[in-house]
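**Student:** Structure for the following, please:
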Amino acid sequence: MADYVSGSTGSPTQVRLSEARDQRLRTLSVAAAAYRIGTVGMKWGAAEEAEWMAQTVKKRSYIDEVVTKLDKVCWILSLTLTRAHRSDTNTPAH
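**Tutor:** Got it, this is the predicted structure:
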């Protein structure tokens, strides 16, 4: 890779490609420090997934936060609909 990019006049422009390359390396270095598992830009395999699972702490539960609340709503709704149906069937027709 050339160190300089040529301008339209043929004279070297003072834009250094190595500076852009250095910036990319610094960015990858920061990303690698933040993500200590695997290689930046590479898909995880079974070993990386197992390592991540081993050090991950469960913070929330879908069952606790969603399913149990929906079950309660469904139960209340079913009682409401059952009562409404019973009152409709007990009403004499006109």
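
**Student:** Now the lengthiest helix in the chain: average pLDDT?
**Tutor:** Longest helix in the chain, counting residues (DSSP state H): helix 68-90. When pLDDT is averaged over helix 68-90, the result is 85.

**Student:** What is that helix packed up against?
**Tutor:** In terms of contacts (3 or more C-beta pairs under 8 Å, 6 or more residues apart in numbering; DSSP states H and E), helix 68-90 is packed against no helix or strand at all. Where C-beta positions appear, they are placed from N, C-alpha and C, glycine not excepted.

**Student:** what's the offset of it from the middle of its chain?
**Tutor:** Its chain's C-alpha centre and that of helix 68-90 lie 37 Å apart, by C-alpha atoms, centre = their mean, to the nearest Å.

**Student:** next one: stretch 24-38
**Tutor:** With C-alpha atoms, centre = their mean as the basis, the mean position of stretch 24-38 lies at 18 Å from the chain mean.

**Student:** Buried ones in it, by neighbour count?
**Tutor:** The neighbour-count check on stretch 24-38 (16 or more other C-beta atoms under 10 Å) flags Gly38 as buried.
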